[in-house]
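Undergrad: compute the structure for the input listed below.
(one chain, ligands or ions: 1)
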Amino acid sequence: MYVDISTKHIVSIPNAKEKSKLSVEFSTDSLCVIWYAVINNSLKGIDQMKKMTAWFMALLMGLALFTSSASAESGQPGRGKNRAPIVFVHGLGGWGEGTKLNDLFPHWGMTAGDVKAYLNGQGYEAYAASVSPVASAWDRACELYAHLSGTRTDYGEAHAKIHGHARYGPSYEKLGPDWPGESIHLIGHSFGGATIRLFAQLCAGGSAEERAASPANELSPLFRGTLGGSVVSVTTLAAPHNGTTALLEPVKGVGVGLIEAALYSMAALDALVPGFGAYYPVHLQQFGVDSGATLAELAQNFAAFDQSADSARHDLSVDGARAVNQGIRCQPDIYYFSYAADMTRKAQRGRAPKRSISIMLLEPSLRMGEKREPYATPGGATIDNRWLPNDGLVNTISALHPFHEPHRAYDADNVEPGVWQVMPVVTDWDHIDFGGGLRFGGAAGVMEFYLALAGMLEGLPK
Ligand SMILES: [Zn+2]
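TA: Next up, the predicted model:
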């Protein structure tokens, strides 16, 4: 099952680059850690907001310069056969097209370059959707629909009532493809996995609760159950299908705490600093986290969101993921592919991270890999030693496939819809490397990986 990704034709990774990057990866990752620390500390005083924003922008500019030397190559457009547009959906903390941040530092590619532009240059129609970096799978699926359709986000009357937030959210400019007129391939990284699985489910079946709560003329088409056939395939990359112990006590530690602090600081900046949302929109207006709120209201509204069962934090937990999964089933006409990674090695205390793991993932990987007696989550799931291997943020076992859905090992000669085709476990990329990585020059083989993936998807039967 565990196969070094570089030995597989599906994703060939040149080894030479792997050696040369090691001497410089520490400095780039360190910058990111410093960035998180600065943001975290700066939040202690609102009067330091401007200083913090300046720090943030300076770092972005620096990263943009790093990436400029690794920008996309031009290719040969027009090649191919059964080619549906590809839509990338980011995970926790990510961003996409339509944000100024993506112009400076593309989320899909990061320090490796711009994956979308690279694929476009190779003749593939590819887009990078932009949804909330911290909202729940449901809210993000609704935003994905709004982005693909070019409309105002409708989270649904029933959902909004249950979770005590506004029904409507941000308005989007239409993302490129002529969807739903033409079907699309969906590729989701990390929490983008739950987002696209739920989105595909809603397209096919809609929501009975929403249909009961709104008259037909006020119902979002996403909830009607009439968009079946508009998604060709769902591919997940390092997605915590069954939740992650990175967010689970007693495993949760300072590394994840820093990442959370950074994300939630971004939400505060979006609400408080005019123009910040154009760079990094956090999209929590439905919870009252917006510029109209006073500082006290902002803190109160954010805390209510953060502790609710309608947030990324909830849906990424083991129990939260189980709840999300209850409403999702593999659709018989959609192809499903999943990639999981394991960046750990055997160690006395369980599994230890490999030396080449991104430094910001070192601490969470250590904690997640630590051997302990099996324990139960509050919702009753059992966490045992099968959960120790991880990619730095997601347990390998969780990323293979949703526990409750049909699955089998990928066989290039026999690919079927309605069942997860589980790819060989990737052993030389960590969680962030799937997006391109934060190492200087990017993770090795990023463009080759996505080109091979796009090629595989275009080869799927119609
Ligand atoms: Zn919601």
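Undergrad: in CSV, list the C-alpha atoms belonging to stretch 198-209.
TA: Once non-C-alpha atoms are left out, stretch 198-209 reads as follows in CSV (Å, rounded to 0.1, in the frame of the first residue of the first chain):
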residue,chain,number,x,y,z
LEU,A,198,-20.6,17.7,0.1
PHE,A,199,-21.0,20.0,-2.9
ALA,A,200,-21.2,16.9,-5.2
GLN,A,201,-23.8,15.4,-2.9
LEU,A,202,-25.9,18.6,-2.9
CYS,A,203,-25.7,18.9,-6.7
ALA,A,204,-27.1,15.3,-7.1
GLY,A,205,-29.6,15.2,-4.2
GLY,A,206,-30.1,18.7,-3.0
SER,A,207,-31.5,19.1,0.5
ALA,A,208,-34.9,18.0,1.6
GLU,A,209,-34.7,20.3,4.7
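Undergrad: quick one: mean pLDDT for that stretch?
TA: The pLDDT scores in stretch 198-209 average 98.
Undergrad: what sits up against it?
TA: With CB atoms under 8 Å, 6 or more residues apart in numbering as the test, stretch 198-209 has contacts from 89, 137-138, 141, 144-145, 156, 158-159, 180, 186, 222-228, 230-231, 234, 324, 327-329, 331, 334. (Glycine included, C-beta is placed from N, CA and C.)
Undergrad: is the ion contacted by that stretch?
TA: No: figure legend: stretch 198-209 not in contact with the ion (CB under 5 Å from the ion); closest approach 11.8 Å.
Undergrad: buried residues in that stretch?
TA: 198-207, 209 (16 or more other CB atoms under 10 Å).
Undergrad: over to stretch 441-449?
TA: 441-447, 449.
Undergrad: helix, strand, or coil at Y336?
TA: strand (DSSP: H, G, I helix; E, B strand; the rest coil).
Undergrad: any idea what it is bridged to?
TA: V234, W420 (DSSP bridges).
Undergrad: hey, where'd the helices end up in the stretch 151-300 of the chain?
TA: With DSSP state H, counting those that start in this stretch, the ranges of helices along the stretch 151-300 of the chain come out as 157-163, 192-205, 208-213, 254-272, 276-279, 295-306.
Undergrad: worst mean pLDDT among these?
TA: Minimum mean pLDDT among the helices of the stretch 151-300 of the chain: helix 254-272, a mean of 77.
Undergrad: and the residue in the stretch 351-462 of the chain that the ion sits nearest to, helix, strand or coil?
TA: Closest approach between the stretch 351-462 of the chain and the ion, counting by CB to the ion: G379, at 19.9 Å. Secondary structure state of G379, per three-state DSSP, is coil.
Undergrad: the residue nearest to it when sequence neighbours are not counted - how many residues pack around it?
TA: Leaving aside its chain neighbours, G379 sits nearest to D319 (3.2 Å; criterion: CB to CB, 6 or more residues apart in numbering). Per other CB atoms under 10 Å, the neighbour tally for D319 reads 16.
Undergrad: please, which helix or strand holds D319?
TA: Using DSSP states H and E, D319 falls within helix 318-325.
Undergrad: for that helix, C-alpha coordinates in CSV please.
TA: This file holds the C-alpha atoms of helix 318-325, laid out as CSV (Å, rounded to 0.1, in the frame of the first residue of the first chain):
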residue,chain,number,x,y,z
VAL,A,318,-13.1,13.3,14.3
ASP,A,319,-16.6,13.6,15.6
GLY,A,320,-17.4,16.6,13.4
ALA,A,321,-16.2,14.8,10.3
ARG,A,322,-18.4,11.8,11.2
ALA,A,323,-21.4,14.1,11.4
VAL,A,324,-20.6,15.6,8.0
ASN,A,325,-20.2,12.2,6.5
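Undergrad: list the buried residues in it.
TA: Those would be 318-322, 324-325, for helix 318-325 by 16+ other CB under 10 Å.
Undergrad: is that helix positioned near the ion?
TA: No: using CB under 5 Å from the ion, helix 318-325 never reaches the ion; the gap is at least 12.2 Å.
Undergrad: from the ion, how far out is D154?
TA: 11 Å (CB to the ion, to the nearest Å).
Undergrad: show me what contacts the nearest residue to that residue once chain neighbours are set aside?
TA: The shortest distance from D154 to any non-neighbouring residue, by CB to CB, 6+ apart, is to S220 (4.1 Å). Residues in contact with S220 (CB under 8 Å, 6+ apart) are 142, 145, 154, 156, 210.
Undergrad: kindly report the residues of the stretch 251-400 of the chain close to the ion.
TA: Residues of the stretch 251-400 of the chain lying close to the ion by CB under 5 Å from the ion are D310.
Undergrad: try 8 Å this time
TA: Contacts of the stretch 251-400 of the chain with the ion, taken as CB under 8 Å from the ion, map to 286, 310.
Undergrad: what does the helix holding D319 contact?
TA: By CB under 8 Å, 6+ apart, helix 318-325 touches 137-138, 194, 198, 240-245, 248, 309, 313-315, 377-381, 383, 398, 402-404.
Undergrad: show me how to select, in ChimeraX, the buried members of those residues.
TA: Listed next is the ChimeraX selection for buried residues among the contacts of helix 318-325, using 16+ other CB under 10 Å:
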select :137,138,194,198,240,241,242,243,244,245,248,313,314,315,377,381,383,398,402
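Undergrad: for the residue of the stretch 301-450 of the chain found nearest the ion, which non-adjacent residue is closest in space?
TA: The stretch 301-450 of the chain approaches the ion most closely through D310 (4.2 Å), counting by CB to the ion. If you skip the residues right next to it in sequence, D310 has H163 as its closest partner in space, 4.1 Å away by CB to CB, 6+ apart.
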